[in-house]
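Undergrad: Test case, fold it:
(one chain, ligands or ions: 2)
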Amino acid sequence: MTKPETILKAEDIHKSFGRLEVLKGISLEARNHDVISILGSSGSGKSTFLRCLNFLEIPTSGKVTVHGEEILVKNGKPQNVRHIEDIRSRLGMVFQQFNLWTHRTALENVMEGPVQVKREPNAEARDKAEALLKRVGLEDRMHMYPSQLSGGQQQRVAIARALAMEPDAILFDEPTSALDPELVGEVLKVMQSLAAEGRTMIVVTHEMGFAREVSSEVVFLHEGRIAEQGPPDEMFANPKTEVFERFISKVK
Ligand code: ADP
Ligand code: MG
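TA: Ligands and ions are numbered 1, 2, ... in the order given. Next comes the predicted model:
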């Protein structure tokens, strides 16, 4: 069998904030249907790395390729800026704090990208948004504003909003960390169903159950480098580094 196609490739990503080097050369490849969990202690560079993939942060150096379109960065300067918008539209992003538009209903939040960015006709975008909200279990909440929704419901709207752009891959940055414990499960369930559908996902998470059971690959970041990487079964059964062993003994 041939390997699934590469959706996203990051090569030797470095990022410094002033004199602080946060990412010290990170490379990662996501193939179609991969679910990659990124683990690591707070401050290890997980969010920065995710944000470098869609150029919410400009890496200091390195190369990002999405769907064959590459952006090489040298000295903080992207060489082919015109690809940035394209790469962004191909990568969905789900944030810890949902980042929904507070003055728009759930339905309007999901329609916004397709109408404004992709210029889809309103009726078409509405049909699609309704189907997606149904998909995440919110058919009876479509006309509510974010403030009328629980955290778990807001995060599901955010996931539907990402899906509406028909991304090649979805990046999640600790999607359940801001939720009350009893709401975590409903969001993980949606993410698990996306994985089962074959969606390509890169997920920064502290949910060890998700990392172990849902992901195809786990990446452990430590002080801006990949300290360990591999299939979850192997990694959790046989940590190769002391730092990862210590990490999993703390979070279990
Ligand atoms: P994680 O998501 O793993 O907790 P981050 O990527 O958010 O880690 O942060 C890694 C390091 O980079 C931290 O020391 C943080 O303070 C620093 N950092 C992140 N963003 C910025 C920024 N915009 N300016 C300065 N330092 C930053
Ligand atoms: Mg973070």
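Undergrad: end to end, how far does stretch 9-27 reach?
TA: 7 Å (Cα to Cα, to the nearest Å).
Undergrad: That stretch and ligand 1, any residue contact?
TA: Yes: using Cβ under 6 Å from any ligand atom, a contact is recorded between stretch 9-27 and ligand 1, made by 17, 20, 22. (Glycine included, C-beta is placed from N, CA and C.)
Undergrad: ok, the closest residue to Pro167 other than its chain neighbours to Ala195 distance?
TA: Distance criterion Cβ to Cβ, 6 or more residues apart in numbering; nearest residue to Pro167, sequence neighbours excluded, is Gly92 at 3.7 Å. Counting by Cβ to Cβ, to the nearest Å, the separation of Gly92 from Ala195 is 14 Å.
Undergrad: what number of residues lie near Leu132?
TA: 21 (other Cβ atoms under 10 Å).
Undergrad: Counting neighbours, which of the residues of stretch 9-27 next to ligand 1 comes out on top?
TA: Using other Cβ under 10 Å as the neighbour criterion, Val22 leads those with 19 neighbours.
Undergrad: quick one: the residue of the chain positioned farthest from its centre from ligand 2, how far?
TA: What lies farthest from the middle of the chain is Ala123; by Cα atoms, centre = their mean that is 28.3 Å. Ala123 sits 38 Å away from ligand 2, going by Cβ to the ion, to the nearest Å.
Undergrad: Wasn't that residue part of a helix?
TA: Yes: under DSSP: H, G, I helix; E, B strand; the rest coil, Ala123 sits within a helix.
Undergrad: Begin at 37, not 1, for the rest of this chat.
TA: Right, with 37 as the first residue, what we last looked at is Ala159.
Undergrad: quick one, what contacts it?
TA: Ala159 makes no contacts at all, as judged by Cβ atoms under 8 Å, 6 or more residues apart in numbering.
Undergrad: now swap in the one 5 residues further on and tell me
TA: Taking Cβ under 8 Å, 6+ apart as the criterion, Lys164 is in contact with 150, 156, 200.
Undergrad: what about the strands in the stretch 137-286 of the chain?
TA: Counting by DSSP state E, counting those that start in this stretch, the stretch 137-286 of the chain has these strands, from start to end: 205-209, 237-240, 253-258, 261-266.
Undergrad: Within its sheet, name the partner strands of the second one and how each one runs.
TA: Pointing back at strand 237-240 there. According to DSSP bridges, strand 237-240 forms sheet pairs with strand 71-75 (parallel), strand 205-209 (parallel).
Undergrad: which of those strands sits most buried?
TA: strand 71-75 (a mean of 26; mean count of other Cβ atoms under 10 Å).
Undergrad: now the helix or strand where Gly61 lies: how far from the chain's centre is it?
TA: Element membership of Gly61, judged by DSSP states H and E, is strand 56-67. Offset of strand 56-67 from its chain centre (Cα atoms, centre = their mean, to the nearest Å): 15 Å.
Undergrad: which residues sit against that strand?
TA: 39-52, 72, 81, 84-85, 88, 95-96, 98, 205, 236, 238, 255, 257, 259-262.
Undergrad: The residue nearest to Pro203 bridge partners, please.
TA: When bridges are called by DSSP bridges, Gly128 pairs up with Ile206.
Undergrad: Let me see the contact set for it.
TA: For Gly128, the contact set (Cβ under 8 Å, 6+ apart) comprises 198-199, 201, 203, 205-207.
Undergrad: quick revisit: now, which of the contacts of Lys164 lie within helices?
TA: 150, 200 (DSSP state H).
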